[in-house]
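Asks: got a predicted structure here, sequence first:
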Amino acid sequence: MIRFEGVQRHYGSVAALAGLDLEINDGELVALLGPSGCGKTTALRILGGFDFPTAGRVLVDGQDVTNVPPNKRDMGMVFQAYSLFPNMDVRTNVAFGLRMRRQDKVTRLKRADELLELVGLVEHADRYPHQLSGGQQQRVAIARALAIEPKVLLLDEPLSALDARVRAQLRVEIRNLQQRLGITTLFVTHDQSEALSMADRVGVMKSGRLEQLDTPENVYHHPATAFAAEFVGAMNRLPGRIGDGGAVQVLGQRLSCLNDEGRQPGSAVEALLRPEAISIVADTAGAGEVTHRSFLGSSLRLEVTLDGGQKVLVEASSHDAGVDVGQRVGLRILTQSVTVVDPGVAPAPEAVPAVA
Amino acid sequence: MSVAGGGGPGAVGAGALLAEIEEPPAPPRRARRGKRLRPWRVVILVLALLFFLTPLIASIKYSLLQLNGSYGFDNYTQIISNSALRSALFTSLEIAGISAFLVVALLLPTVVLVRLKLPKLTLLMEGVTILPIVVPPIVIAAGLAQLQGSAPTWMVHLWFNHPLTALTPVYVVLAMPFSYRAFDTGVRAIDLRTLVDASRSLGASWFTTLTRVVLPNVETAMLGAIFLTIAFCMGEVVIATILLYVTLPVEMIQVSSSSPGVTVALSVLSLVLVFLLLFSLSFLAGRRRGSTSVRVI
């Protein structure tokens, strides 16, 4: 088990981590998700021993490792890219960690081949990194990190430099491997679909703090904060008004409010609604007009401008492709409950001070 | 698990199965050379060859001229038989070898340290390492001569008694403008932080990381630094003369007054030596590329 206890990291006056408390259970994959500069990479580097906290400590299996150098930590790390040693062939790269552990040559090369088998690259064992594609290089990097049978696997945006198809494929492969080996993993990414699809739990980070740590489903459907709601997935903010009994009126519909937090009936709020939680019906007397339409294959994303000028994103099944730009439509909210925020609360900021 | 990773550029639009099998990145295409040699190129080539080869051929011819007017290897055999020249040559080779080793041992960790841990010092390092060029050698020599004259006995014993101990530290510093830049360029060309972090996370100590991961990947830069250092040590004459040490170039000047033929023979030899060094350098640097491109095929 890994524990961050009040970990802080300051660079001069900038706080990259402003008190991180996080527990990762054995065999669990936790993804830290957030915009660049939110402190997720700093957290990973501190766990790996490449950076040291200004306050707080890090425990692995109850042992304080805060000041242990990286070469004594037994953690496998996969980097964004270009981490394979260019002067060594693939097999030697994978065997490097075992060589550092003074295993004899026969054992370590055999083990390297086993791991290359695991990532499906054993026939490329004699090649050099520059002869492999980006995806293959990352597989080798994973094999190399796993070769030392690490206590913890650290993934630092390992897929971000790859093209979309390879990324999707490797996502599944990494997750399968991780589950099969039952290895505790910390995964850092700015790609929400990566985090949601791979992790047991997702930690949404902002300005050096953890905004929410929960299962992907809960992070998506029950975001704890406006930031978490808007950073993960697309989100509409629709004007609403608090009714009585914990209800909220949005687009003429009465929904239950998930967080009315003692708001006065009648007070204005903004309801957070996902594009797929709204459906459209072609209606000449409808409340808005389709102003933009993108066909995404499996779905159709429409921008509807209401008569008041408010823009609403709607995601519909692509079978409903009959709707066209300029058409008047009516909107219907499909969910029963909704999270609200005070009007004017800053939307999920994309420009956070850049400390990676 | 599938056999290979996803699509390189060649896989785009291909069937899913075909796209699975990736092409290794194609070896860099060489710019095709012009098939015809344009006349003005020939003119420039001939002029350049004349410019470089005339003195060389003249030197070789002169070095082969014997005292009795016939041609032969007298001057060359004299180099070997002249013990003063021989010992000066060995002194210079010793200084060059040890300087080259020290340059690598000192500069590699320094450059890595500055790049990784103390990036704020980059500018300062650039400035400091250029100083030996900015300060004229004669000034450095004068300063050292002053020190040599007034040094306490222990310092004379420890430092100034032998050209090896006296000149090597000076030459390491003086070669720094070249060697530091060679290393710095080499280290800039690799993703140093990622490679070092990867190596460290796999359990390597700093020493192992430097010798097994960083050094092999800046091999060309290292050879460049070594070559420049050796070339500098073999040619430096001002400081050695003023401090009264007999190194190869100093002895060459001595010999030239009595037997100019031997000096010219020696300079032809050092030219050959430099050529050999250059060739072995480009051979060593090319060997890795060559061997890997063979693997591509």
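Replies: Looks like it came in fine.

Asks: how many other residues sit next to residue 85?
Replies: Went with chain A since none was named. For residue A:85, the count of nearby residues is 22 (other CB atoms under 10 Å in any protein chain shown). In this view, the C-beta of every residue, glycine as well, is placed from N, C-alpha and C.

Asks: can you look at chain B instead?
Replies: Here the number of neighbours of residue B:85 (other CB under 10 Å) works out to 21.

Asks: who are the packing partners of whatever helix or strand it lives in?
Replies: Element membership of residue B:85 [criterion: DSSP states H and E] is helix B:83-116. For helix B:83-116, the packing partners by 3 or more CB pairs under 8 Å, 6 or more residues apart in numbering or on different chains; DSSP states H and E come out as helix B:74-81, helix B:122-134, helix B:163-174, helix B:176-188, helix B:192-201, helix B:219-235, helix B:248-258.

Asks: could you dump the ones you listed into CSV with distance to chain A, mean pLDDT and mean neighbour count added?
Replies: Converted to CSV, those look like this (distance: least, CB to the nearest CB, whole Å; pLDDT from 0 to 100; neighbours: other CB atoms under 10 Å in any protein chain shown):
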stretch, distance to chain A, mean pLDDT, mean neighbour count
helix B:74-81, 40, 84, 16
helix B:122-134, 18, 90, 14
helix B:163-174, 27, 89, 20
helix B:176-188, 12, 90, 21
helix B:192-201, 4, 93, 22
helix B:219-235, 8, 87, 21
helix B:248-258, 35, 84, 17
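
Asks: what mean pLDDT does the host helix or strand of residue A:212 have?
Replies: In the assignment (DSSP H and E), residue A:212 maps to strand A:209-214. Across strand A:209-214, the average pLDDT comes to 90.

Asks: counting contacts, what elements does that strand pack onto?
Replies: Using 3+ CB pairs under 8 Å, 6+ apart: strand A:209-214 touches strand A:14-24, strand A:201-206, helix A:226-231.

Asks: quick one on the thing from earlier: so which of the helices and strands packed on helix B:83-116 is nearest residue A:92?
Replies: Proximity to residue A:92 (CB to CB) singles out helix B:192-201 among those, at 12.7 Å.

Asks: what's the closest one packed up against?
Replies: Looks like helix B:192-201 contacts strand A:75-78, helix A:134-147, helix B:83-116 (3+ CB pairs under 8 Å, 6+ apart).

Asks: make TSV out of the ones you listed and add distance to residue B:204 and mean pLDDT.
Replies: Below are the helices and strands packed on helix B:192-201 laid out as TSV (distance: least, CB to CB, whole Å; pLDDT from 0 to 100):
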stretch	distance to residue B:204	mean pLDDT
strand A:75-78	13	92
helix A:134-147	12	91
helix B:83-116	13	90
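
Asks: in JSON lines: the ones you listed, plus distance to residue B:126.
Replies: As requested, the helices and strands packed on helix B:192-201 are exported to JSON lines (distance: least, CB to CB, whole Å):
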{"stretch": "strand A:75-78", "distance to residue B:126": "32"}
{"stretch": "helix A:134-147", "distance to residue B:126": "33"}
{"stretch": "helix B:83-116", "distance to residue B:126": "10"}
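
Asks: so can I have CSV of the helices and strands packed on strand A:209-214 showing mean neighbour count, distance to residue A:167 and mean pLDDT?
Replies: Listed next are the helices and strands packed on strand A:209-214 as CSV, based on neighbours: other CB atoms under 10 Å in any protein chain shown; distance: least, CB to CB, whole Å; pLDDT from 0 to 100:
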stretch, mean neighbour count, distance to residue A:167, mean pLDDT
strand A:14-24, 20, 24, 90
strand A:201-206, 26, 18, 92
helix A:226-231, 24, 19, 83
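
Asks: now render those as TSV, adding distance to residue A:110.
Replies: Converted to TSV, the helices and strands packed on strand A:209-214 look like this (distance: least, CB to CB, whole Å):
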stretch	distance to residue A:110
strand A:14-24	31
strand A:201-206	36
helix A:226-231	45
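
Asks: what comes up buried for the helix holding residue B:85?
Replies: B:85, B:88-89, B:91-96, B:98-100, B:102-104, B:106-108, B:110-112, B:114-115 (16 or more other CB atoms under 10 Å in any protein chain shown).

Asks: same check, this time on stretch A:208-218
Replies: For stretch A:208-218, by 16+ other CB under 10 Å, it's A:208, A:209, A:210, A:211, A:212, A:213, A:214, A:216.

Asks: can you tell me the closest non-neighbouring residue to the third one?
Replies: The spatial neighbour of residue A:210 that comes closest, neighbours along the chain excluded (CB to CB, 6 or more residues apart in numbering or on different chains), is residue A:203 at 5.3 Å.
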